[in-house]
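> give me a model of this one.
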Amino acid sequence: MTRRRIIIVDDHPLFRAALRQTLSGGDATIMVEEAGDLAGLSKALDADRDCDLVLLDLNMPGVRGFSGLLLLRAQYPDIPVMIISAVEDNTVIRRAFELGAAGYLHKSVGPTEIRRAIETVLTGDVFVPEGITLGGEDAHTALMRRLSTLTPQQVRVLMMLSDGLMNKQIAYELTISEATVKAHVSAILQKLDVDSRTQAVIAAARIEDGQFEALFSTGAEKA
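Numbering: from 1, shown residues only. Just a heads-up that it's a prediction; the model follows:
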């Protein structure tokens, strides 16, 4: 019997427990694990990289909007990530798919819909909520593509730039040299097609479209 491993990443234990019960109840082929944050997920994947699906909440402590999805898609490109969120805004859903999500599930849906969505993604298809039409481009689509080319370390550096950290501070936090930080910043500017640190932070902030609490905004004036 082939077992399928799913990891739920959400900071609410009661929601994780309910979702776990929905997914594993009566299905011996599904093995469900839980993580309260991205650090817990990384620990689980470092221990065993074999994972069929990650269910990721967009809004958790330490994660600002799409930063978690960006990091996961960069660090574990072979593992499908389905967003499961209370946010039902059409633009947010489109952005998630543009950044590589394999599906998007509203937290308000019932067990039957949850199981259908999971099975859709596990079979290699993309699950799109009803009423959502993908395709077409707008002013931010090209930026989404550029953001999705960042490496895991470049994503981390961009997060720290957004917090207003200087190169020396970033080097300390990531245990790398200042020269390496400068190289990452240069690569970020090139990939995002901008000329300065401030422009990189502002460009990244646009992925929120006003739906979350000022992603990257605190660093825009300090960088």
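
> what about the helices in this protein?
Per DSSP state H, the chain has helices spanning 13-24, 38-47, 67-75, 90-98, 111-122, 141-147, 152-162, 167-174, 178-192, 197-205, 217-220. These are given in chain order.

> what's the spacing between the fifth one and its chain's center?
Yep, that's helix 111-122 we're talking about. 20 Å (Cα atoms, centre = their mean, to the nearest Å).

> mind giving me the packing neighbours of that helix?
If contacts are counted by 3 or more Cβ pairs under 8 Å, 6 or more residues apart in numbering; DSSP states H and E, helix 111-122 sits against helix 13-24, strand 53-56, strand 81-85, strand 103-106. All C-beta spots, glycine's among them, are computed from the backbone N, C-alpha and C.

> just the third one next, same as before
Secondary-structure packing of helix 67-75 (3+ Cβ pairs under 8 Å, 6+ apart): helix 38-47, strand 53-56, strand 81-85, helix 152-162.

> report the rounded mean pLDDT for the longest one.
Meaning helix 152-162. When the per-residue pLDDT values of helix 152-162 are averaged, the result is 87.

> just want the angle from it to helix 67-75.
Direction vectors for helix 152-162 and helix 67-75, defined by axes from the mean of the first three to the mean of the last three Cα atoms, to 10 degrees, enclose an angle of 150 degrees.

> ok, back up a step: buried deepest among the helices and strands packed on helix 67-75, which one?
Neighbour counts averaged per stretch over the helices and strands packed on helix 67-75 are highest for strand 53-56, at a mean of 25; criterion: mean count of other Cβ atoms under 10 Å.

> just put the helices and strands packed on helix 67-75 in CSV and tack on distance to residue 71.
As requested, the helices and strands packed on helix 67-75 are exported to CSV (distance: least, Cβ to Cβ, whole Å):
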stretch, distance to residue 71
helix 38-47, 7
strand 53-56, 10
strand 81-85, 10
helix 152-162, 5
